[in-house]
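Student: Here is a sequence together with a model predicted from it:
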Amino acid sequence: MNLRQPTSKGNRGIAKSHSKHSITPIRSVNVASPQNPFQIHNKENNAKSFLQKVTGDPNQQSQQSMKSNASLPCGLTINSKPISGLHSVSQSRFNAATDIDARPTTTTSLTLSGVNPISRNSTISSFGSTISNLTLSNASFSNNLNLGQTSFQHSSYSSEAELQKLLKNQRIFEKFILDAMKRPLADCVEDLLTDIFHAKDVIFWQDIPSLHMMYSKKLDLVASHSDGLVGYEFFQRSRLILEYPGEHPAYKEDFDKIEGDIPLSLLTFTLFDNNGNVSAVVQIKRIRSNPFTDTQELSFLDYFEEKFPIFFPLYDKVNLQQDVICKMLQEMDIDQFLLHFQKQMVTIFSCRSAEIWKLDQAEHVLHLYKKAKSVVDWSRGGIASEAIDRRYPLNCISNRMMSSYNEDVDGREIESVLCVPLSDLKRNTVHCIVLRGGPEKKVFTSADQTMLQLITPYCVLAMNNIEDEEKNRKSSENEDIEIKGKRCLEALKTIIEQLENKTEIEDIIARVIENLELLTHAERSTLLTVNNKSDMMLNNVFSTSPKFPKTIEPNRTYVARAIELGQVFNIGDCYDEIDFDSSLDLVTNYHTRSLLAVPMKNGKSECFGVVEFCNRTGNTVFPNSDVPFVKIIMNTLGLLIDNRKLENEVVTSSEQLRNFISVSLSTISNSVLQDVFRNILTNINRENNFESSAIFIYNNMRENLTSFISSGEKLQRYLPLSHGFPALAFKSKEVIFSNDALHDSRYVRDPCDSSGVDIRSICIAPIVSFTGNKVFGVLEATNKKNGEHYSAKDINVLRSVATLVALSLENRSMDAISEYGNAEFEIDKWVEEVEKPE
């Protein structure tokens with residue numbers, strides 16, 4: 001191995017080029033010749049033996065270790081043994097060296113089963129043999145790979161020292177391969193060469209062919225193929241050793257900067273993949289006082305460069321995460337899928353966001369799936385439209401550099417973008433997954449693109465399945481909605497019937513919740529209310545679970561948030577949600593999977609309760625189609641509960657007022673009470689344009705209605721309970737009125753009526769006790785003035801006066817009152833006003 005010497009001190013920045021890695025022409029050699037430095041006696045067996053040693057055969061290695069059929073350039077020999085999977089042996093290739101005293105070498109070409117058919121360059125030279133895309137599984141490789149067990153014999157071309165050096169290199173490379181199958185390739189290369197060269201720093205620049213750029217993970221820096229010494233190495237593709245890197249014409253501070261004040265020298269070289277393409281450029285930096293002249297180090301580097309392409313498919317393989325795929329293929333709604341898709345893509349690729357685009361070629365409609373599905377005009381689809389139109393992956397380091405950039409969909413910020421389209425000929429659609437890097441992701445690497453190409457078919461498959469399922473579900477949901485609509489009407493009808501039957505509110509609530517549980521197919525349902533929003537203490541009004549506690553402390557559970565925010569919460573898997581509080585499950589010994597919480601509102605649209613449904617049967621999510629029906633029934637129930645609550649408050653207040661008025665009026669004598677009501681009747685006659693009004697009290701002894709007090713024209717003294725308007729109002733306990741009494745079939749003139757008053761219009765309100773169990777009499781108003789009709793105001797006034805009269809009469813003897821009224825009537829009949837005592 002010869003190194004070129006620097007030409008002069010002034011040119012010390014010029015590269016020292018290692019001859020073995022210069023680009024040279026290749027020629028074929030079929031048989032041994034005087035120009036060939038070693039003989040190939042049996043090409044096929046030699047090749048098989050070499051592959052046997054590369055892949056490993058523990059049963060035969062010890063027996064074949066000393067057999068030799070071929071000589072290597074260094075005087076070493078390789079065992080000969082047949083190997084399965086061998087198809088053919090191609091011609092040899094000749095690498096012409098450009099260094100001084102370099103000798104030509106001969107290589108044998110092999111073809112293995114499992115070769116990737118798309119390889120452009122199917123042969124790679126190494127140790128006199130050419131292997132086509134060696135393909136080994138990770139599991140079998142770790143068991144079978146043993147590069148150090150290849151046996152060698154002394155020959156005229158080799159020494160014991162060279163043999164030991166080669167075996168050492170093989171052992172190091174074996175460990176590197178095993179390490180690279182577990183960790184990122186860049187980290188493994190940098191760690192390995194740092195140890196071998198005792199380097200100050202090693203930088204691995206990964207080539208990104210789609211961008212024509214290289215990326216360093218360690219520096220988090222992107223360089224083009226013409227930037228700095230790394231770009232020069234990419235173009236030159238030969239080993240470069242620089243004692244003074246800063247004096248090289250290609251040196252650039254941004255990419256080749258030497259950190260610190262310690263003078264460093266630089267070694268750069270190129271690594272190729274199994275197809276002969278550039279995979280990476282590596283820079284090794286170390287102290288200038290320790291130059292790159294150690295033959296052992298350079299010998300390992302020769303070995304590493306030769307071996308690296310052979311096993312490239314092993315450590316360059318992208319491992320698809322099976323758990324990610326399994327989760328994506330689970331059954332869920334499209335909204336849940338998009339949320340899960342976003343989380344997974346951001347986690348895997350460390351990007352800002354992810355999108356799915358879909359072009360329906362039949363209708364030429366472009367859809368964007370982000371948080372929800374939306375329609376985007378094709379001309380405004382931006383970079384995604386270009387990727388779909390080209391049907392080819394698109395990777396760019398800056399979105400604004402693309403001619404198709406559109407600010408509305410591609411954003412204002414400068415960021416990297418990766419697009420992978422996928423055509424579906426059967427559905428006549430094109431899907432495209434778009435990743436947007438954001439400030440933390442400067443560039444998407446080739447590994448990112450490969451990973452996304454592997455994930456895209458599964459994402460599209462999952463989304464197609466979800467959309468197909470939704471179509472089928474909608475057709476079945478239309479029928480299901482009709483069924484649920486009927487059940488909803490039946491539930492409302494049941495509420496009305498129970499109200500008519502004066503069913504207790506607790507029984508109505510229980511029946512409603514049970515019907516809703518059947519409608520939603522829930523395992524458990526609970527109605528919770530709050531008395532005061534300030535403390536948010538939840539009260540268990542009704543639950544189909546006997547273990548559910550009577551009260552729940554205020555917390556951030558979904559039911560509490562539903563009341564606080566007035567929102568519906570539909571959770572598919574509670575234990576996947578961060579906000580879910582599982583403490584209630586521990587108390588009730590229950591496992592909540594799916595949950596639906598719908599708030600309940602009163603007449604003021606204030607949330608004062610919530611109904612919670614848990615675990616839909618069949619381990620499925622509660623469909624959103626259930627929510628409108630639940631809302632209808634719950635709002636009706638909320639109004640009913642609120643009205644019943646207000647009714648109780650009114651009853652309580654009325655009871656207190658009644659007791660106060662009753663006690664106050666009970667101390668008034670009958671004569672004083674009569675004067676009070678006479679004044680009241682006089683006032684309502686004047687305010688409501690009544691010609692006359694009177695209070696009639698039921699007389700138990702006479703079984704009729706006897707006049708107690710009157711105002712205006714003197715009306716009939718006694719009213720029968722067998723016929724007429726007063727009898728009808730007394731028996732029905734309802735207000736009876738007629739604006740044309742003479743032509744009303746219900747009006748019957750009493751032949752005993754001696755008042756002489758012609759009844760044209762009449763309104764009668766019954767005097768009923770507060771409990772409604774007893775009727776004291778009636779309040780009658782006759783003949784609206786000026787031909788007016790009785791209005792709702794007139795009826796309400798009569799009802800109020802009748803209620804006041806009932807309160808005053810509750811604790812009095814009705815017979816005594818009626819007789820007193822009769823005596824008053826007789827006095828009025830026979831004694832003039834001037835003759836009455838004051």
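Tutor: Received, thanks.

Student: burial of the nearest residue to Pro263 once chain neighbours are set aside, as a residue count?
Tutor: Distances taken as Cβ to Cβ, 6 or more residues apart in numbering place Arg288 nearest to Pro263, at 4.3 Å, with adjacent residues excluded. Where you see a C-beta, it was placed from the backbone N, CA and C, and this is true even at glycine. A count of nearby residues for Arg288, using other Cβ atoms under 10 Å, gives 16.

Student: cool, and Met600?
Tutor: 28.

Student: Tell me which strands the helix or strand that Leu779 is a member of pairs with, and in which orientation.
Tutor: Taking DSSP states H and E as the definition, one finds Leu779 inside strand 775-784. Sheet pairing of strand 775-784 (DSSP bridges) gives strand 690-699 (antiparallel), strand 762-768 (antiparallel).

Student: pLDDT score assigned to the residue nearest to Pro263?
Tutor: Looking at Arg288, its pLDDT is 89.

Student: That one contacts Glu243, correct?
Tutor: Yes: here Arg288 reaches Glu243: they are 6.2 Å apart, a contact under Cβ atoms under 8 Å.

Student: And the nearest residue to Gly382 once chain neighbours are set aside, how far from Val430?
Tutor: Using Cβ to Cβ, 6+ apart and skipping residues adjacent in sequence, the residue nearest Gly382 is Asn406, 3.5 Å away. Noted for Asn406: a distance of 18 Å to Val430, by Cβ to Cβ, to the nearest Å.

Student: What of His225?
Tutor: Taking Cβ to Cβ, one finds His225 at 31 Å from Val430.

Student: And the two? Which one has more around it.
Tutor: Neighbour count, other Cβ under 10 Å: between His225 and Val430, Val430 has more, with 21 against 16.

Student: one step back: of the strands paired with strand 775-784, which is nearest Leu219?
Tutor: Distance to Leu219, taken as Cβ to Cβ, is lowest for strand 762-768 among these, at 94.2 Å.

Student: so how far is the closest one from its chain's centroid?
Tutor: Averaged C-alpha coordinates place strand 762-768 at 65 Å from its chain's average position (Cα atoms, centre = their mean, to the nearest Å).

Student: what's next to it, contact-wise?
Tutor: Contact partners of strand 762-768, identified using Cβ atoms under 8 Å, 6 or more residues apart in numbering, comprise 695, 725-726, 728-730, 732-738, 741, 747, 774-783, 790, 794-795, 798-799, 801-802, 805-806, 809.

Student: Which of those residues are buried, as a PyMOL select command?
Tutor: Applying 16 or more other Cβ atoms under 10 Å to the contacts of strand 762-768, the buried members can be selected in PyMOL as follows:
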select buried, resi 695+725+726+728+729+730+735+736+737+738+741+747+775+776+777+778+779+780+781+782+783+790+794+798+799+801+802+805+806+809
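
Student: hang on, the earlier thing: put together a markdown table for the strands paired with strand 775-784, with mean pLDDT on each row.
Tutor: Below are these laid out as a markdown table (pLDDT from 0 to 100):
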| stretch | mean pLDDT |
| --- | --- |
| strand 690-699 | 90 |
| strand 762-768 | 92 |
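
Student: of the ones you listed, which approaches Val530 most closely?
Tutor: Minimum separation from Val530 across those (Cβ to Cβ) falls at strand 762-768, 37.4 Å.

Student: Keeping just the C-alphas, turn that closest one into CSV.
Tutor: Only the C-alpha atoms of strand 762-768 are listed here, as CSV (Å, rounded to 0.1, in the frame of the first residue of the first chain):
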residue,chain,number,x,y,z
ILE,A,762,-122.3,36.0,32.7
CYS,A,763,-119.0,34.8,34.2
ILE,A,764,-118.9,32.4,37.2
ALA,A,765,-115.7,31.3,39.1
PRO,A,766,-115.9,28.5,41.7
ILE,A,767,-114.6,29.2,45.2
VAL,A,768,-112.4,26.2,45.8
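
Student: got any ranges where the stretch 701-838 of the chain has weak pLDDT?
Tutor: Under the criterion pLDDT under 70, the flagged ranges of the stretch 701-838 of the chain are 752, 754, 811-838.

Student: what about stretch 323-332, start to end distance?
Tutor: Taking Cα to Cα, to the nearest Å, stretch 323-332 runs 16 Å from one end to the other.

Student: No further questions, thank you.
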